[in-house]
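1. test case, fold it:
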Amino acid sequence: MNCQAGFIKPLRARYQSVAQLLEQHRRDMPAKQALVDVERQRQISFAELAHAVDSVAVQLIRHGLGKGSRALLLSESSIEKIIAWLALWRIGAVVCPLDPFFYRSAALATVQTMAPDIILADAGQQDLDLLREVALPTLFLQSWGGAAPDDAAMSAATFADDLLTFDAPFETRALDSVAAPAASDLACLSCTSGTSGIPKVVAYDHHAYWENGQDSIDLLGLEAQDRSLEYRSLDWFSAQILSLMPFLQCGLTLHLARKFSYRHFPDWIASHRISFCAGVPAVINILLNQPLGEADGKRLSSLRRMSCSTAPLAEINWAEFEKRYGIPLVNLYGSSETGWICGNRYQQVCTGTVGRALDNVEIEIRSRIGASCPDGSAGQVIVSSDKIALGYLQADGQLHALRGAPLAMRDIAMRDADGCLRIIGRIDDLISRGGAKIAPAEIEAVLLSHPDVAEAAVIGVADAVYGQQPICFVVARAGRRIDPGAILRHCASLLPREKLPQQVLAVAALPRNPRGKLIRAELVRMHRQAAQASDQA
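-> I've put the predicted structure just below:
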């Protein structure tokens, strides 16, 4: 298998099942670290992983699961979660990962749409209200290493009947009749971020996972000797195709944390010699606004590159991060429905863009009237690819198909003469002032060029004369303060009159969901609240 990226036409490996990949890694590098939990300081080798996956797979079969069965996976990012995930794929079952605390009020409806046959959960989640509401058979995951779950509420009988153990003896022939899932088989039901409403349940086959994993390998130049770090939830499709799949396909060592920690990040990188780390703009901005000291900064020296995806990254912050830390950023672009669409290649990065379309993706930029836009003109992104998700699973169990037809994204972008895509903003976020369409990103870039501003966001608010006016929210850099008048004067020197923000609101932090995406609806509420307070003063 060739895991090296080739810039023009990388040699892509053909689809292999989980059983084939784990057997290959067990044979070629049995003692090598496969997974490392950097917070709990635990690890598992490829030989141990292959055995644990087979052991759990046999137990799942004994509980009546098989090809096409759906299992709701309620677990934090951990060694245990990945063992359970791979065991489900090992027997051709469908993984339904869900963070109930993230979706909260929508969690029950989401589970009902997924229609799982069983629940696999961390033992610590046994008191979760969702478990009682759903009332499905539930199996709890043993802690890796053989320790029983530290929860007195679970009786010894519960351990015996409902505990999935990773070292239970089994006969190899118990898996001989288990057919490996085909690339076209359903692999996962995962959820969108829900920033624009109720989260959608997206259906993927193994082909979508395989191709997107290969894209990650090619774009980032990942190899078996890499040691990667993922601190985002594995409930996110982005984390699954950026970290889980390359780990499986290349046999690299995957390090896991439940969330990003500014305090522990340098130690994680240095102690485990991390060579690649997933990134999101929120983390990049944290490391810029609270720069690591010289000693901690040097502890990042093993990092040969970081990715950046999930949300737009301001070009000025991109350049500043690379200058300060000397770590190249590779900006990627995709969605829950499409997987990776565009990406900068690690050999050639065009700062400020999300790179070129991938070889297995076709992109068209269309105007508001549906005409193709020439290079340099902004329009809506239209994507065609055979690795787009199968579709949205509806509440009635029917699939609203996505693959097989061009998919209209909610993003506005333009393509330059080199074929690189520059994201302008979301269609829903465009501000209409007196008939002129204003992309918040243009104003935000100017705001970020002010030395006092660490983060910025712009929204449109109702105006009796112009329809909408741009309003900006800014976060001060560490050790600085925001002078609204100075910020407005700075904007006036760089923006045309119709794009000037009408108000500057200084905030301690911008509202973001756990995936780091800006919640503009919350900004609208914050502006309304500030206006009411001003009227009452």
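
2. pLDDT at residue 12, what is it?
-> Looking at residue 12, its pLDDT stands at 77.

3. if I pick it, what's in contact with it?
-> In this structure, residue 12 makes contact with 214, 218, judged by CB atoms under 8 Å, 6 or more residues apart in numbering. Heads up, the C-betas are built off the backbone N, CA and C, glycines and all.

4. now do it against residue 181, distance only.
-> As judged by CB to CB, to the nearest Å, residue 12 and residue 181 stand 19 Å apart.

5. for residue 298, same thing?
-> As for residue 298, its distance to residue 181 is 45 Å (criterion: CB to CB).

6. more crowded one of those two?
-> Each of residue 298 and residue 181 has its neighbours counted (other CB atoms under 10 Å); residue 181 has more, 24 against 13.

7. now do the contacts for that one.
-> 17, 67, 89, 92, 187, 206.

8. just the ones of those in helices?
-> Taking DSSP state H as the definition of helices, those contribute 89, 206.

9. whichever of the contacts of residue 181 end up buried, select them in PyMOL.
-> When burial is assessed using 16 or more other CB atoms under 10 Å, the buried subset of the contacts of residue 181 is captured in PyMOL by this command:
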select buried, resi 17+89+92+187+206
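
10. closest one of the contacts of residue 181 to residue 123?
-> Within the contacts of residue 181, proximity to residue 123 (CB to CB) peaks at residue 89, which comes in at 22.2 Å.

11. now do the same for that closest one: its pLDDT.
-> Residue 89 is assigned 98 on the pLDDT scale.

12. beyond the helix-or-strand element of the chain with minimal mean pLDDT, next helix or strand please.
-> Taking mean pLDDT, DSSP states H and E as the measure, the helix or strand of the chain with the lowest value is helix 156-162, at a mean of 49. For helix 156-162, the following helix or strand on the C-terminal side (DSSP states H and E) is strand 163-164.

13. contacts for that following strand next, please.
-> Under the criterion CB under 8 Å, 6+ apart, residues 56, 59, 60, 84, 120, 123, 139, 140, 141, 142, 149 lie in contact with strand 163-164.

14. ok, the first one to residue 390 distance?
-> This means residue 56. Counting by CB to CB, the gap from residue 56 to residue 390 is 26 Å.

15. out of these two, which sits in the more crowded spot?
-> When residue 56 and residue 390 are compared on other CB under 10 Å, the one with more neighbours turns out to be residue 56, at 29 against 22.

16. contacts only, for the more buried one.
-> Taking CB under 8 Å, 6+ apart as the criterion, residue 56 is in contact with 83, 84, 87, 164, 165, 166.

17. that one: what secondary structure?
-> Here residue 56 takes the helix state, with states given by DSSP: H, G, I helix; E, B strand; the rest coil.

18. pull the number of nearby residues for the residue nearest to it when sequence neighbours are not counted.
-> The spatial neighbour of residue 56 that comes closest, neighbours along the chain excluded (CB to CB, 6 or more residues apart in numbering), is residue 87 at 3.8 Å. Applying other CB under 10 Å, we find 27 residues neighbouring residue 87.

19. thought residue 60 was touching residue 87, still the case?
-> Yes - under the criterion of CB atoms under 8 Å, residue 87 lies in contact with residue 60, with a separation of 6.0 Å.

20. hey, C-alpha coordinates of the helix or strand containing residue 217 in CSV?
-> Of the helices and strands defined by DSSP H and E, residue 217 is found in helix 206-220. Included here for helix 206-220 are C-alpha records, laid out as CSV according to Å, rounded to 0.1, in the frame of the first residue of the first chain:
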residue,chain,number,x,y,z
HIS,A,206,-17.4,2.3,3.2
HIS,A,207,-16.5,3.8,-0.2
ALA,A,208,-17.0,7.3,1.1
TYR,A,209,-14.8,6.6,4.1
TRP,A,210,-12.1,4.9,2.1
GLU,A,211,-11.8,7.7,-0.5
ASN,A,212,-11.8,10.5,2.0
GLY,A,213,-9.2,8.7,4.1
GLN,A,214,-7.0,8.4,1.0
ASP,A,215,-7.6,12.1,0.3
SER,A,216,-6.3,12.9,3.8
ILE,A,217,-3.2,10.8,3.2
ASP,A,218,-2.5,12.3,-0.1
LEU,A,219,-3.0,16.0,0.9
LEU,A,220,-1.0,15.7,4.1
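
21. do a quick rundown of the helices in the stretch 201-350 of the chain.
-> Ranges of helices within the stretch 201-350 of the chain are 206-220, 237-239, 245-250, 265-272, 281-289, 294-298, 315-325, based on DSSP state H, counting those that start in this stretch.

22. the first one packs against which elements?
-> Same thing as helix 206-220. Here helix 206-220 touches strand 186-191, helix 245-250, strand 329-335, strand 339-343, going by 3 or more CB pairs under 8 Å, 6 or more residues apart in numbering; DSSP states H and E.

23. quick check: which of the ones you listed is nearest to residue 424?
-> strand 329-335 (12.4 Å).

24. tell me the angle the closest one makes with helix 206-220.
-> Between the direction of strand 329-335 and that of helix 206-220, the angle (axes from the mean of the first three to the mean of the last three CA atoms, to 10 degrees) works out to 160 degrees.

25. check which helices and strands strand 329-335 sits against.
-> Packing contacts for strand 329-335, counted by 3+ CB pairs under 8 Å, 6+ apart, involve helix 206-220, strand 305-308, helix 315-325, strand 339-343.
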